[in-house]
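Visitor: turn this into a model:
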Amino acid sequence: MTDTGMTIALIVSSFIAQLVASLVAVFVGRPRKSQANPAPERSEPKNRLHKTDGWFIRVLKSPWMVPCFFILLDLYSLQKTLRETGPLTRWAVLVISSDVGGILYWLLVIAIGITWRTLDRVVDIEREIVDIFREFEEVHKLLHDWMHLFTGKVSSQSKSVDHKFDKAVRETQHKLRLAMRKLFED
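Guide: Sure thing, here's the model as predicted:
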């Protein structure tokens, strides 16, 4: 075998050895936990990549950012085409019509996105209002039991009913305040 052949064989064998060693390290060195790793807190990103990823996802989910970017591109292309001094050609007509169509499309995407987000928010608020009405129903039942205590139908559970009533009233007031804040937020 020549020196070149031995060099190639040495490179290939060292590559294979490194590949096998890394595969063995992955399979043998893997921790064997029966419990899943806890999920990181969403409010605190762990590193710069998570912060950037969160920012990028927010931009993509925004009903304004991506469509506005494409609207600006279409406006630039439309302006560039309209500033040409040559005669109006078929290609120029195609570019102008595609730019105007693109602008209208992205405006429609913005309108649909805003409508979708608004409807989603309304549904969330309606769910919270239904929960509040359920809480009021429970408070009404407790109030009914409490009124029976004052009308002479005293039971052995008078203190527990009074405590349950006060607790239910406090929880309902808290949920009502939260729902009203959310309703009047934006």
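Visitor: and the helices in the chain?
Guide: Secondary structure of the chain (DSSP state H): helices located at 3-28, 48-61, 65-82, 90-150, 158-183.
Visitor: what's around the residue lying closest to Glu84 once chain neighbours are set aside, how many residues?
Guide: Among residues not flanking Glu84 along the chain, Ala92 sits closest, at 6.7 Å (C-beta to C-beta, 6 or more residues apart in numbering). C-beta coordinates here come from the backbone N, C-alpha and C atoms, glycine included. Using other C-beta atoms under 10 Å, Ala92 has 14 other residues around it.
Visitor: distance of Leu107 from Pro67?
Guide: 8 Å (C-beta to C-beta, to the nearest Å).
Visitor: which one's more surrounded, those two?
Guide: Just comparing Leu107 and Pro67: by other C-beta under 10 Å the higher neighbour count belongs to Pro67, 20 against 13.
Visitor: which residues sit in contact with the more buried one?
Guide: Pro67 sits next to Trp106, Leu107, Val109, Ile110, Gly113 when contact means C-beta atoms under 8 Å, 6 or more residues apart in numbering.
Visitor: quick check, pLDDT for Asp124.
Guide: Here, the pLDDT recorded for Asp124 equals 87.
Visitor: compute the number of surrounding residues for it.
Guide: Residues near Asp124, counting by other C-beta under 10 Å: 12.
Visitor: so what pLDDT did Arg121 get?
Guide: Taking Arg121 on its own, its pLDDT is 88.
Visitor: okay, and the helix or strand of the protein with the least pLDDT?
Guide: helix 48-61 (a mean of 66; mean pLDDT, DSSP states H and E).
Visitor: before we move on, the earlier item: among the helices of the chain, where is the model least confident on average?
Guide: helix 48-61 (a mean of 66).
Visitor: the residue nearest to Ile71 when sequence neighbours are not counted: what's it in contact with?
Guide: Nearest residue to Ile71 in three dimensions, chain neighbours excluded: Trp106, at 4.8 Å (C-beta to C-beta, 6+ apart). The contact partners of Trp106, by C-beta under 8 Å, 6+ apart, come to Pro67, Cys68, Phe70, Ile71, Asp74.
Visitor: cutoff 10 Å now
Guide: Val66, Pro67, Cys68, Phe69, Phe70, Ile71, Leu72, Leu73, Asp74 (C-beta atoms under 10 Å, 6 or more residues apart in numbering).
Visitor: so how far is Arg127 from Leu104?
Guide: 35 Å.
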